[in-house]
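Asker: model the following, please.
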Amino acid sequence: MNTKIQKIHQFDEVFDSQNVFRLVLEAMANPGRLVDLAAPAGKMFGEEPALLALAMTFLDNEVSFWAGEDGVLSGQISQLTLCRNADISEADFLFLTDGEQLEQAVQNAKCGSLRDPHKSATLIVRTEILGSEFIALSGPGIRDLAELAASPDVVRALLLRKEQAYEYPQGIDFLFIDSQHRLMALPRLVRKEEKKWDM
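Answerer: Alright, predicted model coming up:
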């Protein structure tokens, strides 16, 4: 089944997965920067090609995922990757196709432990990234401050994460994917700063 499903797509398990992984690393190293996933996403079919491209890159039978009530997406991810579908509080990767899922996901996602902070969840959120609210970001990978005109979902995600008051170095990572298949990463230690903007 896995081989038959993969043949429907043009996404190469090795070459394209490596390309996506490099793009994700670029985004993680430069929080707030948009990187273009349109080319690899264009090799996947279905309603969520960018999410499937990320699933093909990150998932295998040694990790787990959660995709909410989206049975179609869950089925596609399972068939393409042979990855196990888990409860929201146990999953390594959470795929969100609706901003309304943010609160549930952030509040329930595993955040790692003080001994093993890397055993935390990555939230992959399909939503618009850019918007009308100007915010300043600080943290690893950012020199001084990074300025971003963010969408309501991005701002809300940062607020929800802050409200969890994780003990350092625990936390969750965000990967945002917009309708143009652009990716932006906000790793766990990146935060929104209060800043007065010059008009």
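Asker: which of the helices or strands spans Asp153?
Answerer: helix 152-163 (DSSP states H and E).
Asker: buried set for that helix?
Answerer: 153-154, 156-158, 160-161 (16 or more other Cβ atoms under 10 Å). (Each C-beta comes from the backbone N, C-alpha and C, glycine too.)
Asker: could you do stretch 102-111 as well?
Answerer: Within stretch 102-111, judged by 16+ other Cβ under 10 Å, the buried ones are 102, 105-106, 109-111.
Asker: out of those, which sit inside helices?
Answerer: 102, 105-106 (DSSP state H).
Asker: next secondary structure after the host helix or strand of Val24?
Answerer: Secondary-structure assignment from DSSP H and E places Val24 in helix 15-29. With elements assigned by DSSP H and E, the helix or strand that comes after helix 15-29 is strand 35-36.
Asker: flag every buried residue along the helix or strand that that following strand is followed by.
Answerer: Downstream of strand 35-36, the next assigned helix or strand under DSSP H and E is helix 38-41. For helix 38-41, burial by neighbour count (16+ other Cβ under 10 Å) applies to 40-41.
Asker: got the CA positions of the very next helix or strand once past helix 38-41 in CSV?
Answerer: Downstream of helix 38-41, the next assigned helix or strand under DSSP H and E is helix 49-58. The C-alpha trace of helix 49-58 is given here as CSV (Å, rounded to 0.1, in the frame of the first residue of the first chain):
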residue,chain,number,x,y,z
PRO,A,49,0.5,19.1,-0.3
ALA,A,50,2.9,21.1,1.9
LEU,A,51,1.9,19.2,5.0
LEU,A,52,2.4,15.9,3.2
ALA,A,53,5.8,17.0,2.1
LEU,A,54,6.8,17.7,5.7
ALA,A,55,5.3,14.4,6.8
MET,A,56,7.3,12.6,4.2
THR,A,57,10.4,14.3,5.5
PHE,A,58,9.9,13.9,9.3
